[in-house]
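Enquirer: Quick one, what's the 3D model for this:
(2 chains)
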2 protein chains.
Amino acid sequence: MSQSKNITWNSSKLTKSQRQERNNHKSLVVWLTGLSGSGKSTIANELEQQLFNMGQHVYVLDGDNIRFGINSDLGFSDADRKENIRRVAEVAKLFVDAGVIVIVAIISPFESGRQLARGKFEPGEFVEVFVDCPLDTCLERDPKGLYRKAVSGQINQFTGITSAYENPTRPEVIVQTAQLSVQECAAKVMACLNAKEMLTCER
Amino acid sequence: MSQSKNITWNSSKLTKSQRQERNNHKSLVVWLTGLSGSGKSTIANELEQQLFNMGQHVYVLDGDNIRFGINSDLGFSDADRKENIRRVAEVAKLFVDAGVIVIVAIISPFESGRQLARGKFEPGEFVEVFVDCPLDTCLERDPKGLYRKAVSGQINQFTGITSAYENPTRPEVIVQTAQLSVQECAAKVMACLNAKEMLTCER
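Expert: Reported below is the predicted structural model:
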């Protein structure tokens, strides 16, 4: 619901289907959720490259990058995390409307937040990928040195340490990054997209 | 500046130039500013259709529509208007990064807000179009019945009535919608894009 009643919806003359038909593929969101250091961004970039090479229109929305831009006013409280997810989902929706496959890489720790995001899309448009990696492995990888800071108390509200991560209950895909290579993880996601015939536009 | 120091920028493997090269045109933002009822959305939709028919990748971000989505938490106070513009500019930037020509139709009444938006883009990427229409004509058109409500005091902070509109000081294009047809206005914008060789990708 909007804050204001004094706005009216302006319909674009172009529809999502027209854009999908032009692009020759459906548009959808691939939503990568998982702990910091689980491998979300790495898989997102690999998927983006593969889809681009196939001639698809694809774009990555990276949770960290978004926090430098549209979400630069938000912190890591539960309320701010919720708002972070809401805005990213809304931006993703605009990209899907524009005919683009959008890959979101964002911790999105709470089931409620992910459900809220999913609810903004049509059935089949939201592909949730649980980037599953044991906390111990993430702690060991610690690519950004954040776990070290969180454990020593320099960062508060850090997912997995001082803030919860709720495992997805019904993700479309699970990729276990402690066991699989980046290519194997990307292949699992691509297989899901192919199985659902999401990469070819219905004619 | 971001709220948090504990985020790092993740570079996408794909660059804006790669996307522009694939799409065979540059990406940029056409920013339509003007009073409510001046004709911003109408011109935006016409431009979108023309560019789409030329084979370009194009998307309209309509200020009103955005207020149903990502900016649904914002009202019309000066602070909220500023935040509204900031977020729209950030979303537009993502689209430009994704290789898309994005047409923004948004009142954006203050020069400072438009300058803030322009500042987020590289030189040549931001084309400001002043959709110039006398207030009297907008009042007469009143397509959404909003001026009537504003004049009778049912709406506060309404641009042109109880909130200021600052004319752009150096817009790339001015279209006078009280004198020109939609097609003529669109042609003026297209001429500007063509003159700046914005529609063909440099090879």
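
Enquirer: quick one: pLDDT of the closest residue to A:Thr177 other than its chain neighbours?
Expert: Residue nearest to A:Thr177 in three dimensions, not counting chain neighbours: A:Gly39, with 4.0 Å by C-beta to C-beta, 6 or more residues apart in numbering or on different chains. No exception for glycine: its C-beta is placed from N, CA and C like everyone else's. Turning to A:Gly39, the model gives it a pLDDT of 95.

Enquirer: ranges for the helices of chain A?
Expert: Ranges of helices within chain A are A:16-23, A:40-53, A:63-68, A:78-97, A:111-118, A:135-141, A:146-151, A:182-195, based on DSSP state H.

Enquirer: what comes up buried for the fifth one?
Expert: The one in question is helix A:111-118. Counting neighbours by 16 or more other C-beta atoms under 10 Å in any protein chain shown, one finds that the buried residues in helix A:111-118 are A:Gly113, A:Arg114, A:Ala117, A:Arg118.

Enquirer: Mind giving me the packing neighbours of that helix?
Expert: strand A:29-33, helix A:78-97, strand A:126-132 (3 or more C-beta pairs under 8 Å, 6 or more residues apart in numbering or on different chains; DSSP states H and E).

Enquirer: Point out the most buried one among these.
Expert: Of all these, strand A:29-33 has the most neighbours on average by mean count of other C-beta atoms under 10 Å in any protein chain shown, namely a mean of 29.

Enquirer: How about that one and chain B, any contact?
Expert: No: with C-beta under 8 Å from any C-beta of the partner chain as the criterion, chain B is not reached by strand A:29-33; the gap is at least 12.0 Å.

Enquirer: What strands line up against that strand, and which way round?
Expert: strand A:101-105 (parallel), strand A:126-132 (parallel) (DSSP bridges).

Enquirer: and A:Phe110, what is it in contact with?
Expert: A:Phe110 sits next to A:Arg81, A:Lys82, A:Ala164, A:Glu166 when contact means C-beta atoms under 8 Å, 6 or more residues apart in numbering or on different chains.

Enquirer: does the second one really touch A:Gly113, like I thought?
Expert: Looking back up the chat, that one is A:Lys82. Yes: with contact defined as C-beta atoms under 8 Å, A:Lys82 counts as touching A:Gly113 (5.8 Å).

Enquirer: Identify the spatial nearest neighbour of A:Asn167, chain neighbours not counted.
Expert: Setting aside the residues directly before and after it, A:Asn167 is nearest to A:Phe130 in space (C-beta to C-beta, 6+ apart), at 6.8 Å.
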